[in-house]
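Chemist: Please find the sequence and the predicted model below.
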Amino acid sequence: MSGSHDEEDADEENDEDEAGPSGSPRSLLGSMDPNAPLGVVLTHVSADFDTLSSAVGLAKLRNARLGANCTFVVLPRGASPGVSHYLALHKNKFPIKEKRVVDADALDWASRRPTSTPTSSSSSKSEPPPRS
């Protein structure tokens, strides 16, 4: 056997996050299982390391529970300078995708990190949710 099979596997791994000129958003999601329920974890504006770590952790937990690579972190409004620099070096090690890559119509699940809850020191009053 020739080494061409190994070379093809290496090429497929390198092309995971890249799209050709006609690449659809779904194909840009890399090694995602096409039958798995697509999910995203969204971060707040200018995400810091705490946000990034909790979002990545949640995405990895959901992927492990479903047994599929189908949940990704999306930083819709960017990250803090330190996080941006870190991700420029290590983004390929995390389940992070760009906002343009995720088809909102295909989403089955979404979460937002961090979630905020009112604190007792808050000067604004929180209203209870409307009753159904």
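Modeler: The structure has been received and is ready for your questions. Residues are numbered from 1 along each chain as shown.
Chemist: Confirm that Arg112 lies within a strand, as I assumed.
Modeler: Yes - applying DSSP: H, G, I helix; E, B strand; the rest coil, one finds Arg112 inside a strand.
Chemist: Can you report how many residues neighbour Lys97?
Modeler: By other Cβ atoms under 10 Å, 21 other residues sit near Lys97. For the C-beta atoms, the positions are set from N, CA and C on the backbone; glycine is no exception.
Chemist: cool, and Leu52?
Modeler: Here the number of neighbours of Leu52 (other Cβ under 10 Å) works out to 22.
Chemist: Can you point out the buried residues in the helix or strand where it lies?
Modeler: Element membership for Leu52, per DSSP states H and E: helix 49-66. Buried positions in helix 49-66, judged by neighbour count with 16 or more other Cβ atoms under 10 Å: Thr51, Leu52, Ser54, Ala55, Val56, Leu58, Ala59, Lys60, Arg62, Asn63.
Chemist: same check, this time on stretch 72-89
Modeler: Neighbour-count burial for stretch 72-89, counted by 16+ other Cβ under 10 Å, picks out Phe72, Val73, Val74, Leu75, Ala79, Val83, Leu87.
Chemist: For Ala47, state which of the residues you listed is nearest.
Modeler: Taking Cβ to Cβ as the measure, Ala47 lies nearest Ala79 of those, at 4.4 Å.
Chemist: I'm done for today, thanks for sticking with me.
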